[in-house]
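Visitor: The sequence and its predicted three-dimensional model are supplied below.
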Amino acid sequence: MSALENLPDTDHGLLRFLTCGSVDDGKSTLIGRLLFDTKTILADTLNAIEKTSAKRGMSAVDLSLLTDGLQAEREQGITIDVAYRYFSTGTRKYIIADAPGHEQYTRNMVTAASTANLAIILVDARKGVLTQTRRHSYLASLVGIPHLLVAVNKMDLVDYDQATFERIKADYLVFAEKLGIKDVRFIPLSALNGDMIVDRGERLGWYDGPTLLEVLENVPAAHTEQAEDFRFPVQFVCRPQDSANPELHDYRGFMGRVESGEIVVGDAVTVLPSGRSSTVKDIQIGGESIERAIHEQSVTLLLADEIDISRGDMIVKSSEQPEQLKQIDATLCWLSETPMSPARTYLLRHTTREVKAKVAKIDYRLDVNTLAQEPATALAMNDIARLTLKLAQPIFADPYLENRATGAFIIIDESTNNTVGAGMIG
């Protein structure tokens, strides 16, 4: 019987997760095996990778080709960009981000990790915990991924030795304690042979924990582990112009996405930055009224009072107001090939609000390999730094570790309109 048949029927919600590790640790093969064993590969896709594998002289299907989507990557045998894949089982839907392992692609990993709720850190059983392992673990914890899973891969190359697995686990736990990583699990596996991915296999009898898929099936979905305050950044004000329908003359709907928390018809709300208060008269999706809206739903809110509201304003519950900040302390990852200059003015986008921003000071630049804090006067691509930004107008923010949606921002170069930085408040 397949392991999939033993899974419960309840829907556990969407899970976004990230895979990362050193070069050749087997990230792409792991994802390929997961897709293959959960039977989520289309027949034509499988046929294409079988042909490519045969051209390379391989006797078995190279499952890594399922994620290495760019031809240039296939020719080099490495993963350069973030490859996203989607699959589902009977219990939940998944979005996988396969992040590149090289240090020069730090920005790619940070981007992929920003929405993930779990990170799989791959470790080669022959090599153990490496500098790259520590770097990826630090970046995963930095961007607030709440769950880490250390997958000790290539156990087939160490004869499935339990002592090797236990040694790697002990080494990693020493490092995790220094970083303050709390929820970390360990699984021995062989992505090449499929041991402990979906099915348990027959060669790891000494391991009595869950398989990789069983962990993924039961990890809590985003927004479900703690109560969150209601945050509704306004994206668009809907004022229908239909002279043939007088009922729409006074219609004023505020459209956007519930970034966190929930709202119910009748709740008291406050609009920021004006501070004006009202109550929710109606909540609509596609013109149909609903009583309650929750996190990540895109809805239209109608208020009982007429208040001047525009894009970039935020509607919150009156009892759950965030701070209004004109200066923020943040951790920033610089994404652009053009260095960051404290002398320049940039555009900061926080939810749907845009304000001008300048660097007040750079506390330090972080060496992502040694985690040492170094002095800096500017930032180059892939640099991560702790700094202070001064803003021309206030933003309505929460600490990133409490709310990833309202604690994050991006930096835009006004001259090119390019996104040049991504940051976390607090």
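Guide: All right, it came through fine. Model, not experiment: these values are computed from the prediction. Numbering: from 1, shown residues only.
Visitor: going forward, measure contacts between C-alpha atoms and count neighbours the same way
Guide: Will do.
Visitor: Identify, by residue count, the longest helix of the chain.
Guide: helix 162-179 (DSSP state H).
Visitor: Relative to residue 234, how far out is residue 354?
Guide: For residue 354, the distance to residue 234 equals 12 Å [C-alpha to C-alpha, to the nearest Å].
Visitor: joint contacts of those two?
Guide: Common contact partners of residue 354 and residue 234 (C-alpha atoms under 8 Å, 6 or more residues apart in numbering): residue 312.
Visitor: contacting residues around residue 326?
Guide: Counted by C-alpha under 8 Å, 6+ apart, residue 326 has contacts 390-395.
Visitor: helix or strand for the nearest residue to residue 179 once chain neighbours are set aside, which one?
Guide: Of all residues not flanking residue 179 in the chain, residue 138 sits nearest, at 7.3 Å (C-alpha to C-alpha, 6 or more residues apart in numbering). When secondary structure is defined by DSSP states H and E, residue 138 falls within helix 131-142.
Visitor: ok, residues contacting that helix?
Guide: Counting by C-alpha under 8 Å, 6+ apart, 20-22, 101, 103, 110, 113, 119, 121-123, 148, 175, 179, 181, 368-370 sit against helix 131-142.
Visitor: what comes up buried for it?
Guide: 132-142 (16 or more other C-alpha atoms under 10 Å).
Visitor: nearest to residue 154, of these?
Guide: residue 133 (15.3 Å; C-alpha to C-alpha).
Visitor: Now do the same for that closest one: its pLDDT.
Guide: Residue 133 carries a pLDDT value of 88.
Visitor: In the stretch 151-300 of the chain, where is pLDDT below threshold?
Guide: 241-249 (pLDDT under 70).
Visitor: re the thing from before, so how far is the helix holding residue 138 off the chain centroid?
Guide: 15 Å (C-alpha atoms, centre = their mean, to the nearest Å).
Visitor: same question, stretch 170-185
Guide: With C-alpha atoms, centre = their mean, you get 21 Å for stretch 170-185.
Visitor: mind listing what the most centrally placed residue in the chain touches?
Guide: Nearest to the mean C-alpha position of the chain, by C-alpha atoms, centre = their mean, lies residue 115 at 1.7 Å. The contact partners of residue 115, by C-alpha under 8 Å, 6+ apart, come to residue 16.
Visitor: Now do the SS call for it.
Guide: coil (DSSP: H, G, I helix; E, B strand; the rest coil).
Visitor: ok, it to residue 422 distance?
Guide: According to C-alpha to C-alpha, residue 115 stands 13 Å off from residue 422.
Visitor: Then residue 410?
Guide: Counting by C-alpha to C-alpha - residue 410 and residue 422 are separated by 4 Å.
Visitor: contacting residues for residue 202?
Guide: residue 195.
Visitor: from now on call the first residue 455
Guide: Got it, first residue is 455 now, which makes that one residue 656.
Visitor: so where do the helices sit in the stretch 555-704 of the chain?
Guide: 560-567, 585-596, 616-633, 666-672 (DSSP state H, counting those that start in this stretch).
Visitor: Figure out which of these is closest to residue 783.
Guide: helix 585-596 (14.6 Å).
Visitor: now the angle between helix 560-567 and the closest one, please.
Guide: 50 degrees (axes from the mean of the first three to the mean of the last three C-alpha atoms, to 10 degrees).
Visitor: Only the buried residues of the helix or strand containing residue 848, if you could.
Guide: Applying DSSP H and E as the criterion places residue 848 in strand 838-851. Buried residues in strand 838-851, counted by 16+ other C-alpha under 10 Å: 838-845, 848-851.
Visitor: what's the following helix or strand after that strand?
Guide: Following strand 838-851 toward the C-terminus (DSSP H and E): strand 862-867.
Visitor: Tell me which residues are up against that following strand.
Guide: In contact with strand 862-867 (C-alpha under 8 Å, 6+ apart) are residues 800-805, 854, 872-879.
Visitor: Give me the buried entries from the residues you listed.
Guide: Buried subset of the contacts of strand 862-867 (neighbour count, 16+ other C-alpha under 10 Å): 800-805, 854, 873-879.
Visitor: Would you map out the domains in this structure?
Guide: The chain resolves into domains spanning 457-672, 685-771, 777-879 when parsed by automatic domain parsing.
Visitor: What is the end-to-end distance of the shortest one?
Guide: Okay, so that is domain 685-771. Across domain 685-771, the terminal residues are separated by 8 Å (C-alpha to C-alpha).
Visitor: Show me where the stretch 455-604 of the chain has its strands.
Guide: 469-475, 537-542, 547-552, 572-578, 601-607 (DSSP state E, counting those that start in this stretch).
Visitor: hmm, back to that, between which two of the contacts of strand 862-867 is the distance greatest?
Guide: 854 and 872 (23.2 Å).
Visitor: out of the contacts of residue 780, who's nearest residue 859?
Guide: For the contacts of residue 780, the nearest to residue 859 is residue 849 (12.9 Å; C-alpha to C-alpha).
Visitor: ok, what's across the strand from that closest one?
Guide: Applying DSSP bridges to residue 849 yields these beta-bridge partners: residue 779.
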